[in-house]
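Colleague: no sequence for this one, just the structure:
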């Protein structure tokens, strides 16, 4: 070994390792309150969601065996061992899987997929396409296949947002239901009203962020994770000590042989035992693989196995208590402490899903999937902690509506089962593509993974689809509306991008426009915003011809959304000098997990400083005279002192008689969304008095 590469023999390495190990355990503890809220509180509503009729001992043993193997195969094998490794620079979830495929292969159809991506992104794409698989080539050739892949990613996103509506509703309702056991006179209507009040208060507190109370999340979930398996152990010893014989898959086969179709329909309830497992993968950006694996394998998984075993042991001896399968198995001396912990845990689980929904909406806005809504950062230290007022109040109304209209836990459970099973199935499909096209996993292992999980989750999906009329339509309605909004916005942005690329202004044409003697050069600095990076927006010609003026220094600015989670600070602002004197291009690059607000100084200072640095380092590709460089910097400073203006286009489609019916509907819907969404400029902290909007009609 090279002497220079040898580590010094000191205690620094063990100390560093101890520090990293301690940090991992602290992160694992924190995941209890953020990642696993939905999963670990599932015992509140799994059994009450099942339409059991005169269940027998064999029925309960079969149900427990199904839940155990579902938790083991999907939780331990799929998510904790495989999916968690399919991260995109530390980020997880449906967006991460889709962007991972797009970055390694030329299969993305997003407007942000441009040649001017980050150098790291480009190199990854090149490496991925050198020895491309047949599946990768098929996706590259087939536009339909790429659109289907995009639709699948959108559907997964919509279902995850639906999860943010259903988890608070079913968790809080199931927890508050506990007051009816000691007080039978309490009506279901009162429970629904109390649950609605709790949820309204929870949503009203969102604007303050979760930092001030997040330190309570992990202790609450820790208390829940510890107390429920202890009650489970007591119940196992007291009611049915031999419950663990049901770990044998034999009881699953016996269950289906005996119950047939009715047993298959019960899968719509058993699938809820794995609800929230997607968060192990989706919340990777806030933690790391090791911490999530430690927390799940050593706390969450054993806790759920013991809790469900205890519930099942109790129900075997009390078969008719399944409608309240959680609170009935709680011993009387600890009933109220468990009730308080359960209610607190349900609120924490709801908060986790609400926060995740805000993050998904933010990522959708950044990637231009979704109309721009207001995104606020509620923490100075945690970048991922965001809040959207519009989304918050829509979620609040939908959550309360779900409780008041479908107050029965079984109906909400049916809806929840649709969300859980479809999100799992979509993740399996995308993971299989990652295995084939990126990881190059041996075909036998890919076939084994796909056959096991696609069949298993496909059976779950087929079972929950039978509940469409019994509450299962709720997530479909929500997802359908969201998908229409996403697709309408995406389609409109795509058509607008196509028009701008077709009618873009080249530098040669700009020279011709500026050569007109009637055009006056006025002092000042102008930021001219454009959606395209490899040309100039057609609004520029419209502006010059009608205003008959042009600023002395003009910076053509583009917000470039790239398919990576985060853009490095040194890559955030990319500036270039154009051939004409006083003309520059500026690309501000963001990843889907980045903040839309620039850090540090204001936007103007950062761009001008980057521009001055660029002028000093290189003027074009040929070394320039120092005097010319000094003059150019002086011109930039004088223009900034003379005044700054930000010009953006306010474009609309002109839908003429030649447009087809599809374009008329979709572009009309896009115009409605565009007129009611927020501007992209406030995210750059541009003062109102410096903004100018130039209207122009694009021919559809």
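Modeller: Thanks, I have the structure now. If you're wondering where the values come from, they're calculated on a predicted model, not measured in any experiment.

Colleague: from the contact counts, what lies against the helix or strand in which residue 461 is found?
Modeller: Element membership for residue 461, per DSSP states H and E: helix 443-465. If you count contacts as 3 or more Cβ pairs under 8 Å, 6 or more residues apart in numbering; DSSP states H and E, helix 443-465 packs onto helix 261-265, helix 267-270, helix 409-434. From N, CA and C alone the C-beta is placed, and that goes for glycine too.

Colleague: my read: residue 82 touches residue 449, true?
Modeller: Yes - the pair residue 82 / residue 449 is scored as a contact, 7.2 Å apart, by Cβ atoms under 8 Å.

Colleague: shared neighbours of these two, anything?
Modeller: residue 431 (Cβ atoms under 8 Å, 6 or more residues apart in numbering).

Colleague: for the stretch 51-200 of the chain, which spans come out with low pLDDT?
Modeller: Along the stretch 51-200 of the chain, segments meeting pLDDT under 70 span 89-91, 107-133.

Colleague: just the helices in it please.
Modeller: Using DSSP state H, counting those that start in this stretch, the helices of the stretch 51-200 of the chain run over 57-70, 94-104, 119-130, 134-141, 143-176, 188-204.

Colleague: about what we covered before: tell me the average confidence for the helix holding residue 461?
Modeller: Here helix 443-465 scores 92 as its mean pLDDT.

Colleague: now that helix: buried residues?
Modeller: 446, 449, 450, 453, 456, 457, 460, 461, 463, 464 (16 or more other Cβ atoms under 10 Å).

Colleague: and the closest residue to residue 167 other than its chain neighbours, what element?
Modeller: Once flanking residues are discounted, residue 167 sits nearest to residue 353: 4.1 Å by Cβ to Cβ, 6 or more residues apart in numbering. Using DSSP H and E, residue 353 falls within helix 335-366.

Colleague: pick out the least confidently modelled helix or strand of this protein, by mean pLDDT.
Modeller: helix 119-130 (a mean of 40; mean pLDDT, DSSP states H and E).

Colleague: returning to that earlier point: quick one, the following helix or strand past the helix holding residue 461 and helix 335-366 angle?
Modeller: Downstream of helix 443-465, the first helix or strand assigned by DSSP H and E is helix 473-502. With axes from the mean of the first three to the mean of the last three Cα atoms, to 10 degrees defining the directions, helix 473-502 sits at 20 degrees from helix 335-366.

Colleague: now for the helix or strand following helix 473-502, which elements pack on it?
Modeller: Counting by DSSP H and E, the next helix or strand C-terminal to helix 473-502 is helix 507-514. Packed against helix 507-514 by the contact rule (3+ Cβ pairs under 8 Å, 6+ apart) you find helix 539-547.

Colleague: and the helix or strand following the helix it packs on with helix 507-514, angle?
Modeller: Where DSSP H and E defines the elements, the next helix or strand beyond helix 539-547 is strand 549-561. Interaxial angle of strand 549-561 relative to helix 507-514 (the same axes, to 10 degrees): 150 degrees.

Colleague: what lines up beside strand 549-561 in the sheet?
Modeller: strand 520-529 (parallel), strand 583-590 (parallel) (DSSP bridges).

Colleague: most packed of these?
Modeller: Highest mean neighbour count of the strands paired with strand 549-561: strand 583-590, a mean of 21 (counted as mean count of other Cβ atoms under 10 Å).

Colleague: which residues sit against that strand?
Modeller: For strand 583-590, the surrounding residues in contact (Cβ under 8 Å, 6+ apart) are 116, 118, 366, 510, 527, 533, 553-562, 567, 571-578, 596, 598, 607, 610-611, 684.

Colleague: ok so, going back, of all the strands paired with strand 549-561, which lies closest to residue 670?
Modeller: For these, the distance to residue 670 is smallest for strand 520-529, at 19.0 Å, taking Cβ to Cβ.

Colleague: contacts for that closest one next, please.
Modeller: Strand 520-529 is contacted from outside by 537, 540, 543, 548-559, 586, 607-608, 636, 638-640, 642-649, 680-681, using Cβ under 8 Å, 6+ apart.

Colleague: what helices and strands are in contact with the strand or helix carrying residue 576?
Modeller: Using DSSP H and E, residue 576 sits within strand 573-577. If you count contacts as 3+ Cβ pairs under 8 Å, 6+ apart, strand 573-577 packs onto strand 583-590, helix 603-617.

Colleague: still on that earlier bit, got the buried residues for the helix holding residue 353?
Modeller: For helix 335-366, burial by neighbour count (16+ other Cβ under 10 Å) applies to 338-339, 341-366.

Colleague: avg pLDDT for it?
Modeller: Computed over helix 335-366, the average pLDDT equals 84.
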